[in-house]
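Participant: sequence below, structure please.
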Amino acid sequence: MIDAFTAKRYRSERLFRSLGAAALAISVAFLVYLVTDIAIKAWPSCFENSVTLEVKLDPTLIDKANVTKADFSGLLKEAIRAQFPEVTERADKKKVTALLSAGASDDLRDQIIADPSQIGSNVKTQALLSASADLYLKGHVDGSSLDEKEQAYLNALRDKGLITSHFAIRFFTSGDSREPELSGLRGAITGSLLTLLVTLSLSVPLGIAAAVYLEEFAPKNGWTELIEVNINNLA
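Facilitator: Next up, the predicted model:
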């Protein structure tokens with residue numbers, strides 16, 4: 001009788017373990033699927049598209065003593081319009097310059113600040129494209145707000161070999177921005193690290209103190225047993 005009872009208990013234990021292993025396997029499978037799906041969809045965001053432009057750094061427009069005051073946005077717009085001399089209508093010129101990101105001028109400014117000797121010459125720079133242009137080049141035509149003319153201008157730049165794709169370092173170093181192509185993960189990463197720091201600062205001392213108390217000082221009664229069971233469940 002005792003052997004039969006023991007065998008039944010062992011069968012129940014094996015069944016419980018099997019169900020637990022199956023539940024764990026299903027959970028891991030769903031987690032792998034979720035992480036893989038996120039990685040595949042997020043991978044293109046790790047790259048950005050730029051257009052190579054030759055910019056004329058007119059010394060009459062750029063003061064070496066105060067480079068930051070120069071109109072780098074205007075210089076870039078002039079450079080990209082130079083790629084389409086046949087475009088004469090004002091509205092169409094705006095469509096051409098709209099392909100550039102608002103942050104493209106910041107990159108050019110930083111380039112000149114790093115090497116002011118370039119002032120007075122023609123320099124080549126990688127001008128960041130807008131989010132709509134970037135989406136279009138990545139094949140997300142439905143997600144792009146470019147009209148037919150803007151798409152034609154972008155395709156012309158690509159046919160000339162002026163479009164380049166490179167790893168988007170700014171995606172990991174930039175914070176929040178109203179411009180999608182300029183926004184990054186810095187704020188989220190910093191917030192997560194600070195949250196972890198606060199959590200560890202509170203949980204580690206309390207956890208160690210609770211463990212020492214339960215093992216060395218707490219009386220053995222129903223209340224401490226309940227606490228230990230819950231701790232084991234969490235573990």
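Participant: and the nearest residue to L57 once chain neighbours are set aside, how many residues sit next to it?
Facilitator: Leaving aside its sequence neighbours, L57 sits nearest to I119 (C-beta to C-beta, 6 or more residues apart in numbering; 4.9 Å). For glycine as for every other residue, the C-beta is placed from the backbone atoms N, C-alpha and C. The number of residues packed near I119 is 17, by other C-beta atoms under 10 Å.
Participant: could you do S73 as well?
Facilitator: 16.
Participant: extract the CA atoms of the longest strand that the chain contains and return them as PDB.
Facilitator: The longest strand of the chain (DSSP state E) is strand 47-56. Written as PDB, here are the backbone C-alpha positions of strand 47-56 (Å, rounded to 0.1, in the frame of the first residue of the first chain):
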ATOM      1  CA  PHE A  47      21.400  53.000 -40.000                       C
ATOM      2  CA  GLU A  48      20.800  56.400 -41.500                       C
ATOM      3  CA  ASN A  49      21.000  57.800 -45.100                       C
ATOM      4  CA  SER A  50      22.900  60.900 -46.100                       C
ATOM      5  CA  VAL A  51      23.600  62.700 -49.300                       C
ATOM      6  CA  THR A  52      27.200  63.800 -50.300                       C
ATOM      7  CA  LEU A  53      27.200  67.500 -51.100                       C
ATOM      8  CA  GLU A  54      30.000  69.800 -52.100                       C
ATOM      9  CA  VAL A  55      29.500  73.000 -50.100                       C
ATOM     10  CA  LYS A  56      31.200  76.300 -50.900                       C
END
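Participant: check which helix or strand R178 maps to.
Facilitator: Here R178 sits in a region with no helix or strand, counting by DSSP states H and E.
Participant: so which residues of the protein form strands?
Facilitator: Using DSSP E, strands in the chain cover 47-56, 122-128, 163-167.
Participant: what is the first one packed up against?
Facilitator: Which is strand 47-56. helix 72-81, strand 122-128, helix 131-137, strand 163-167 (3 or more C-beta pairs under 8 Å, 6 or more residues apart in numbering; DSSP states H and E).
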